[in-house]
Each structure stands twice: as structure tokens, then as C-alpha cells.
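Trainee: below are the sequence and a predicted model for it; my questions follow.
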Amino acid sequence: MKNTFQAIVIGAGMSGSWVAKELCDRGIETLLLDRGPDVKHLADYPTTNMQPWEFELRGRIPAKEVEANPIATQCYNYYEGSKHFFVKDAEHPYVQEKPFSWIRGYQVGGKSLLWARQVQRWSQYDFDTPKMDKKSIEWPISYQDIAPWYDKVEEFIGVSGAYDGLDTLPDGKFLKPVGLSVVENQFRDVIKEHYSDRHVIYGRCAHLTEVKDIHRQQGRGLCQHRVICERGCPFGGYFSANASTIPWALRSNHLTIRPNSVVESIIYDENSEQAKGVVVIDRLSKERIEIKSNVVFLNAGTLNSNLILLNSKSARFPNGLGNDSGMLGKFVAFHNYRARMDAVCHDFKDRVIDGKNITNAYMPRFKNVKKQDQAFVRGYAIAIFANRYIQEETKGIGQELLDQMTIPANYGPWRVHAMMMGETIPKESSHVRLHEELKDPWGIPQLITNIDYDENDALMAEDFYQEAEAMFKKAGYTDITRIDTKQAPGLDIHHMGGVRMGTNPSNSLLNADNQMHACKNLYVSDGACMSSTATQNPSLTFMALSARAANHAVENLDLKKNI
Ligand SMILES: Cc1cc2nc3c(=O)[nH]c(=O)nc-3n(C[C@H](O)[C@H](O)[C@H](O)COP(=O)(O)OP(=O)(O)OC[C@H]3O[C@@H](n4cnc5c(N)ncnc54)[C@H](O)[C@@H]3O)c2cc1C
Ligand code: SF4
């Protein structure tokens, strides 16, 4: 393989694949590096067409595997059908100074194969909140800066959604919604009757409920509601890098993918004050290679992007590339998913869910939106799920079994479940840094995680419990139960910060265009760039920022010059 390219993108997951697609669309010769193996759409989804009885353990994970992988197996999505897309704990060690459940997917496609596909835009309120409560630095961009890129990403990936007209959660470019279940609809009506500031809406999700020309061009088809997406979808019914952005970029003939390429560091050239390429260690042969380019995009996933920068040391940057402010690795934040509430709804006994739900109901943030008026800062959104579970022992096989399963009386009552999705404050104390001695199998320093909850998270959770209980009571539900999963930060899998954007180089690393303040041909546009977390599932914003950053580079740097 040649060792010079016009652009290098580190990380072939959700955000990096968007950078690669945009660069290739603009004619830039791009190298997309990923530390994991290649995963080709269709060919490399080994379990996608397997029936439950074809799995040796009917999908379950044996105790010894849970013991060997105490972190990865915490993920609700880790089972016999999907486990090959998760990092195994022992193979990629890190040091938890404080507990942090670092769920990872190291392969071409990254975690875009595994995600739950929930996508919501930020609103201007979310960009303004840090300015209002002063608990984190101000964003250098506004909703208007990112809105056209949300449009672009949504149209391409396909988002099923309803036009809700809410200023707290702007509408986007939607495909038709599937709709809520009968219980979720009833809950929506109850909330509408009692609260003017709260709305229960259909959870926007990256599934093709209609196939537009742009999706047909990607070779993707209609979602069939199988809801086994984490095995890889043969229809391309949900957005993954593997089904969408990567094959699209490959068709341009401008993309080279190099899997099994562990990026050790980014090379900085003091004379030009530019990044000049990367150092790669081949995952299999352990050979060390240098590859040069005119621009480098860092999209290795939040904590790995932090790690690579911390490990990119030079005389000019002894504490990590671009780290003039000393802020690199600090102000890491996440979403607080610990607080849950369960209840029972005794209505609609004649109804069951027919088919499978690709999404859930969603209540956008309603606290501290326009002014700071709570005992805690920031706010939370709520995901609402309603389902009935079969109770009677189902008898027979074939048609007899099917008949039994479609009789509503064989099901227990509707169970309603609410999950807080709380914003956490990026704190200087919540940080990652390199271990001075421990190395991974490729000789790269291990990452230390020191990330924690705080008093604000506890106050917010208490508020959620009280509000969810009051709302459930208004809906007439019984058996209302508070749940604290006590899960460690990280299991939310919405990791953000450490390389944050800002207006001021003295307290941030990136400017308004995701360029490093001190090294303008290096862009970071995955979750590491986030100055605050808001409450929305973050990947849509990562993708929009990535598309925006790639186009900024094409328009403002000379990417085609000789290297
Ligand atoms: C079970 C689950 C459910 C989720 N649900 C949602 C959801 O509903 N909505 C939502 O918005 N988000 C969700 N997420 C989170 C979402 O998957 C991530 O936000 C998103 O994938 C992040 O994109 P990324 O490009 O930063 O990282 P990734 O998609 O993880 O891609 C990073 C890539 O970089 C590669 N890499 C890492 N280090 C190196 C290195 N040193 N050298 C070379 N390559 C490297 C990795 O192999 C990987 O392929 C979910 C995640 C999981 C696991
Ligand atoms: S639910 Fe839709 S996207 Fe998911 S696997 Fe099934 S067809 Fe594919």
C-alpha cells in the first residue's frame, strides 16, 4: 500500500465513516484506518439469519464468559448473536481508577453496528445552557451552524420520526413514523392534559420506514422490524457505517480502507506547525508504519481519540498534541442512565403489540430549559417503553403455538418503564490520562479512567423519581417502583469530552470548526470534541459535526498539494 494520502481518517466507525464519505464525495484521496478487522456488509454478519434454536446456548452467555468479560457483558446488547462485535475485556486492558464501563466495538463500522439507533437533534437551548448556568465553557457554535448538517445526515441515513413542532427538540428530515403503542399513546394524552411543558413523542430512530432514492443508491432497503439489528442488517434497514457511508465512499474510488491498523500517534511537524501523518502498528504483524497526509481526522471514539492525542508527544507538545491549555483528557462527561422507574398499567387487556417495536416513546428535556430554576443544573430526557410479556405456558408447536401467542389473555399486564437520560457536567476532575508503565499488547500506554458521578447527578435523579412517579400516578398506573441500577459511568455508551471545542485556546483544544487550535490540519469530530453533553443521544450530532468538519477542510485547506 502507498504511504501518502491527501487525507487520513483514524477510526472507521460512526463519525469517521462520515468524514471519509464527505471527503471522497469531494474528490479527496482518503485513507480510512481502523484498528479492528474489516466487516463487510452482508458477508461479515455471521448470525444475521440465524434462528433462536440455531444458537448453541439459545443466545445466552455462559457464566465463565461473563466472568472473563465483566465489562463488555454488562451491555444489554451483548449476547450470543452479537458478541463478536464487542471488544473482549482482557484483550484491550485499561485502568479504572474509578469504575468506568468502557463498552467498545473495534472493527470497521465501530459501534455503528451495535447502536440502538435513537437520533435527536440538539436545540438552541442545549447550546445555550452552559452560558446560562456557567458550569461548563460556552459552545463556539449555535444551532444554526449545525442545522444544515443535521439535514444532510438525516436525509442520507434515513430517520423515522414525527413532526412534533417542539422548540426543545427541533424537527428534522423524517421518514414516516411507525407510531407508539396503545399504552404509550394513552400516556401521551395524559401528559398533554396535565402539563404544558412536557411532551411524549415517537422516538426518532435511524430506520428506513420508507426507501427514498438516496437510500436505494446506497443499496439499502425497507426495515422489516426484525429488531436484531446488532447482528448487522442484511436489508440495510438501519444506519450503520458498513451498510451506508463506507460502501458509498468506496464507490467513489477515492477511498482506501486499511483495517487492523492500530494508530499509535499522530506525527507533528514543528517547522510547518502541522500534523504530517500517523504512526500505525499493524494489529496482526505488529509492524510499525508511518503514513503521511495533508490533513488528519481523529475519529477513534471519544476515549481512544483522547488516548492517541495524549500519546502524540513531541518537543513542542510534551504533554500531548495540541495540549497548550493542559485541558487534554479533562472534562470528560457522559449520560446518567442509572435512574429508572417501573409501573403496571391495567388497561388495554385486549391488546398486545403486534410485530416488534423498533423504537420507544420519548419525552424531551423539560427542566432548566429557558431558565435555571431547579436545585440542580441541566436536565434529563425520559425514554418510555411499554410492553406485555407472555405469562401462560405456551403449548404446542406450529399453528397451535402461534394461536396461543396471539391470545391477549395469555399475556400479563402492560409493564411501563421510564429511563432517565440525564446530562452530566463536564468536570476537570473527570479525566483520562496515560499509565506511565502499563502497556497494551501493541506497546501503547494503557488509559486510566477517573470519571465519576457527582452531587448534581444525585439531585437530578431524585427529581426524576418524583416527577416520573407523579406522571405515572396521573396515568393510573400501579406498582410504581424506583430502580437505581448503580451502574458505573460509561455503560450509557455516550462518552464525550476531553478534547473540547471552545472559543478560547486557553481552556479548549478545538475551534468552532473542530480544528485543533494549535495544529490547524488536525480535526477531531467524534464525541471527544463535545463541550457539554445535553440529553440527546449523541451520535447524530457527532455525524453532523464530522460532515461539517470534512467540508471545512476541503474548503479551507489545500488538500491536493504534493506531500
Ligand atoms: C449498545 C449500544 C447502543 C447505543 N445506542 C445509541 C443510540 O441509540 N443513539 C446514539 O446516538 N448512540 C448510541 N450508541 C453510541 C454510538 O454507538 C456511539 O456514539 C458512536 O458509535 C460513536 O461514534 P465514533 O465514531 O465516535 O466511535 P465508533 O463508532 O466506536 O468508531 C470508532 C472506531 O475507531 C476505531 N479505533 C479506536 N482506536 C483506534 C486506534 N488507535 N487506531 C485505529 N482505529 C481505532 C475503532 O475500532 C472503531 O471502529 C450506542 C452504543 C452501543 C454500544
Ligand atoms: S429491525 Fe429493521 S434494521 Fe433492524 S435488523 Fe430488522 S430489518 Fe434490519
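Mentor: The structure has been received and is ready for your questions. Ligands and ions are numbered 1, 2, ... in the order given.
Trainee: helices of the protein, start to end?
Mentor: 14-25, 63-68, 124-133, 143-157, 182-194, 213-217, 245-251, 302-310, 399-405, 455-474, 539-556 (DSSP state H).
Trainee: lowest average pLDDT across these?
Mentor: Set side by side, these give their lowest mean pLDDT on helix 399-405, at a mean of 85.
Trainee: send me that one as CSV with only the CA atoms.
Mentor: This file holds the C-alpha atoms of helix 399-405, laid out as CSV (Å, rounded to 0.1, in the frame of the first residue of the first chain):
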residue,chain,number,x,y,z
GLN,A,399,-50.0,-23.1,14.3
GLU,A,400,-51.1,-24.1,17.8
LEU,A,401,-48.2,-22.2,19.4
LEU,A,402,-48.9,-19.2,17.2
ASP,A,403,-52.6,-19.2,18.2
GLN,A,404,-51.6,-19.3,21.8
MET,A,405,-49.2,-16.5,21.4
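Trainee: contacts for it?
Mentor: 390, 392, 394-396, 410 (CB atoms under 8 Å, 6 or more residues apart in numbering). Backbone N, C-alpha and C define where each C-beta goes, glycine included.
Trainee: return the most buried member of the helices of the chain.
Mentor: Most buried of those, by mean neighbour count (mean count of other CB atoms under 10 Å): helix 14-25, with a mean of 29.
Trainee: angle of it against helix 539-556?
Mentor: Interaxial angle, helix 14-25 versus helix 539-556 (axes from the mean of the first three to the mean of the last three CA atoms, to 10 degrees): 30 degrees.
Trainee: close to ligand 1, is helix 14-25?
Mentor: Yes. Using CB under 6 Å from any ligand atom, helix 14-25 reaches ligand 1 at 14-16.
Trainee: which strands and helices sit next to that helix?
Mentor: strand 4-10, strand 30-33, helix 245-251, helix 539-556 (3 or more CB pairs under 8 Å, 6 or more residues apart in numbering; DSSP states H and E).
Trainee: among those, which comes closest to residue 420?
Mentor: For the helices and strands packed on helix 14-25, proximity to residue 420 was assessed by CB to CB; helix 539-556 is nearest, at 19.3 Å.
Trainee: the bottom helix or strand of this protein by mean pLDDT?
Mentor: Lowest on mean pLDDT, DSSP states H and E among the helices and strands of the chain sits helix 399-405, with a mean of 85.
Trainee: and the stretch 201-350 of the chain, which residues reach ligand 2?
Mentor: When proximity is defined as CB under 6 Å from any ligand atom, the stretch 201-350 of the chain approaches ligand 2 at 207, 223-229, 233, 235, 237-238.
Trainee: so what's the closest residue to residue 230 other than its chain neighbours up against?
Mentor: The shortest distance from residue 230 to any residue other than its chain neighbours is 4.2 Å, reached at residue 82 (CB to CB, 6 or more residues apart in numbering). Residue 82 is in contact with 47, 114, 230-231, counting by CB under 8 Å, 6+ apart.
Trainee: restrict those residues to contacts with ligand 1.
Mentor: residue 114.
Trainee: selection in ChimeraX covering whichever of the contacts of residue 82 are buried, please.
Mentor: The following ChimeraX line selects those of the contacts of residue 82 that are buried, judged by 16 or more other CB atoms under 10 Å:
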select :47,114,230,231
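Trainee: check the contacts of residue 82 and tell me the two furthest apart.
Mentor: Of all the pairs that the contacts of residue 82 form, the one spanning the most space (CB to CB) is 47 and 114, at 12.8 Å.
Trainee: the residues of the stretch 201-350 of the chain next to ligand 2 in strands, which ones?
Mentor: Using DSSP state E, no member of these sits in strands.
Trainee: out of those residues, which are buried?
Mentor: Buried members of those, scored by 16+ other CB under 10 Å, are 207, 223, 226, 228-229, 233, 235, 237-238.
Trainee: and residue 86, how far from residue 206?
Mentor: Look at residue 86 and residue 206: by CB to CB, to the nearest Å, they are 20 Å apart.
Trainee: of those two, which one has the most company?
Mentor: residue 206 (31 against 24; other CB atoms under 10 Å).
Trainee: in JSON lines: the buried ones among the residues of the stretch 201-350 of the chain next to ligand 2, plus pLDDT.
Mentor: Listed next are these as JSON lines, based on pLDDT from 0 to 100:
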{"residue": "207", "pLDDT": "98"}
{"residue": "223", "pLDDT": "97"}
{"residue": "226", "pLDDT": "88"}
{"residue": "228", "pLDDT": "95"}
{"residue": "229", "pLDDT": "96"}
{"residue": "233", "pLDDT": "97"}
{"residue": "235", "pLDDT": "97"}
{"residue": "237", "pLDDT": "98"}
{"residue": "238", "pLDDT": "98"}
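Trainee: and the residue of the chain found nearest ligand 1, what are its phi and psi?
Mentor: Closest contact between the chain and ligand 1, by CB to the nearest ligand atom, is at residue 13 (1.8 Å). Main-chain torsions, residue 13, degrees, to the nearest 10: phi -100, psi -150.
Trainee: looking at it, it is touching residue 106, isn't it?
Mentor: No. When contacts are counted by CB atoms under 8 Å, residue 13 is not listed as touching residue 106 (9.2 Å).
Trainee: ok, the nearest residue to residue 389 once chain neighbours are set aside to residue 70 distance?
Mentor: Take residue 389 and drop its neighbours on the chain: the residue closest to it by CB to CB, 6+ apart is residue 412, 5.4 Å away. Going from residue 412 to residue 70 by CB to CB gives 32 Å.
Trainee: could you do residue 306 as well?
Mentor: Using CB to CB, residue 306 is found at 23 Å from residue 70.
Trainee: just to revisit the earlier point, compare neighbour counts for residue 13 and residue 106 and give me the winner.
Mentor: Neighbours were counted for residue 13 and for residue 106 using other CB under 10 Å; residue 13 has more, 32 against 24.
Trainee: for the residue lying closest to that one once chain neighbours are set aside, give me its contacts.
Mentor: The spatially closest residue to residue 13, leaving aside those adjacent along the chain, is residue 110, at 2.1 Å (CB to CB, 6+ apart). Applying CB under 8 Å, 6+ apart to residue 110 gives the contacts 11-14, 16-17, 34, 36, 241, 301.
Trainee: near ligand 1, which residues of the stretch 51-200 of the chain are found?
Mentor: For the stretch 51-200 of the chain, the contact set with ligand 1 under CB under 6 Å from any ligand atom comprises 75, 77, 103, 105-107, 110-112, 114-118.
Trainee: now tabulate those in a markdown table and tack on pLDDT and distance to ligand 2.
Mentor: Compiled in a markdown table, those are given as follows (pLDDT from 0 to 100; distance: CB to the nearest ligand atom, whole Å):
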| residue | pLDDT | distance to ligand 2 |
| --- | --- | --- |
| 75 | 98 | 17 |
| 77 | 96 | 12 |
| 103 | 98 | 20 |
| 105 | 98 | 17 |
| 106 | 98 | 22 |
| 107 | 98 | 18 |
| 110 | 98 | 17 |
| 111 | 98 | 15 |
| 112 | 98 | 12 |
| 114 | 98 | 12 |
| 115 | 98 | 11 |
| 116 | 98 | 11 |
| 117 | 98 | 8 |
| 118 | 98 | 13 |
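Trainee: pull the most distant pair out of those.
Mentor: Largest separation among these by CB to CB: 106 and 118, giving 22.5 Å.
Trainee: in the stretch 301-450 of the chain, which residue sits nearest ligand 2?
Mentor: residue 358 (5.4 Å).
Trainee: excluding chain neighbours, what is closest to that residue?
Mentor: residue 207 (5.1 Å).
Trainee: ok, for residue 277, nearest residue in space, not its chain neighbours?
Mentor: Per CB to CB, 6+ apart, closest to residue 277 is residue 292, 3.8 Å.
Trainee: isn't that neighbour up against residue 3?
Mentor: Yes. At 6.4 Å, residue 292 and residue 3 qualify as touching, with contact defined as CB under 8 Å.
Trainee: which of these two has more residues huddled nearby?
Mentor: Using other CB under 10 Å as the criterion, residue 292 and residue 3 rank with residue 292 on top: 18 against 13.
Trainee: return the residues in contact with that one.
Mentor: 3-5, 267, 276-277, 563.
Trainee: good, we can wrap up now.
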